[in-house]
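S.K.: Return atomic coordinates for the entry below.
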Amino acid sequence: MDNSADFEKERKERNERVHALTTIVLQQRGHSDAAGLLVDAPSVTLKYIESDWGVEYLELLVDVDPSLVDRFTEEVSERILTTAKEVTERDEGFEISSLRVRPILPEFTSNWRTELKTGLSPKQSNHARRVRSEPNHPTEGRLHFTNEWEYKVYAVLRDRQAQLEDNETIGIVPLSLYKVATTVLEPDFLVTYRGYAGVIEVDGPHHKDRASSDKGRDRLLLNAGVKFVERIDVRDTTTKEEVEKFITDFLKRLTA
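M.R.: Numbers count the residues shown, from 1 in each chain. Next comes the predicted model:
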């Protein structure tokens, strides 16, 4: 591996370390709103600004879905910046001096002018595709998962699927785009069983801060024919037994 490859590997590892530690410390201190925003951020990047007396000053760039930008209030941003400075103060040679939130740009095609003229907006950014670009997300086969909690739920669903006969099995669809009316949703899991469809959402520490929005999403899914939506808190995925009970209850309610 040449020097440029080594440098790029170290840069990505540093970005991931700062992202993870800042989020964890914020959550430990009870700042679930700020921690939840960082959990939902696909990437955090440290960008070089300037050097002074042998110290590099870096800007913390947080890339998020455009719908989340307004949640980075001045107070929330200051807490994130202060915490990021704390988790990196032991690192010599650089300091984080500022924070900037960047909305993820939408995808576009060569026909973007035509799409706009006919009243269509450029395609929404695909979260599932962004997840695939993250180096440390869980995978199995061709399936991708945002985090370890989603994978734990999938593992139990997969094992339950393996126990069923081929003519009475369950379908598992993680991170699928689901268009409802004028909105595109992305359930953590769409599950089909015995002619019914249900949705499982894995709620992180940020859930209570956007409960109202989640209720609206759930209502759209129910209106579109999903039988019911069940949510599991990540704190309830600490043991396999807890997740197995959740899945058993979910499948019973789906076919009741």
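
S.K.: Quickly list the domain ranges of this protein.
M.R.: The chain breaks down into these domains under automatic domain parsing: 3-103, 136-255.

S.K.: Let me have those domains in TSV, extended by mean neighbour count, distance to S110 and mean pLDDT.
M.R.: For every residue, glycine as well, the C-beta is placed using N, CA and C. Formatted as TSV, the domains of the chain follow (neighbours: other Cβ atoms under 10 Å; distance: least, Cβ to Cβ, whole Å; pLDDT from 0 to 100):
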stretch	mean neighbour count	distance to S110	mean pLDDT
domain 3-103	16	22	89
domain 136-255	15	21	86
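
S.K.: could you dump those domains to TSV with distance to R113?
M.R.: Shown next, in TSV, are the domains of the chain (distance: least, Cβ to Cβ, whole Å):
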stretch	distance to R113
domain 3-103	21
domain 136-255	22
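
S.K.: isn't A197 right up against K227?
M.R.: Yes: if you go by Cβ atoms under 8 Å, A197 and K227 touch, sitting 6.2 Å apart.

S.K.: For V87, give me its contacts.
M.R.: By Cβ atoms under 8 Å, 6 or more residues apart in numbering, the contact list for V87 reads V18, L21, T22, V25.

S.K.: Now, these that are in helices?
M.R.: Of the contacts of V87, the ones assigned to helices by DSSP state H are V18, L21, T22, V25.

S.K.: For this protein, which segments count as helices?
M.R.: All helices of the chain, identified by DSSP H, fall at 3-28, 32-40, 74-88, 112-117, 127-133, 148-162, 211-223, 240-255.

S.K.: Nearest to A181, out of the ones you listed?
M.R.: Closest approach to A181 among the helices of the chain (Cβ to Cβ): helix 211-223, 6.8 Å.
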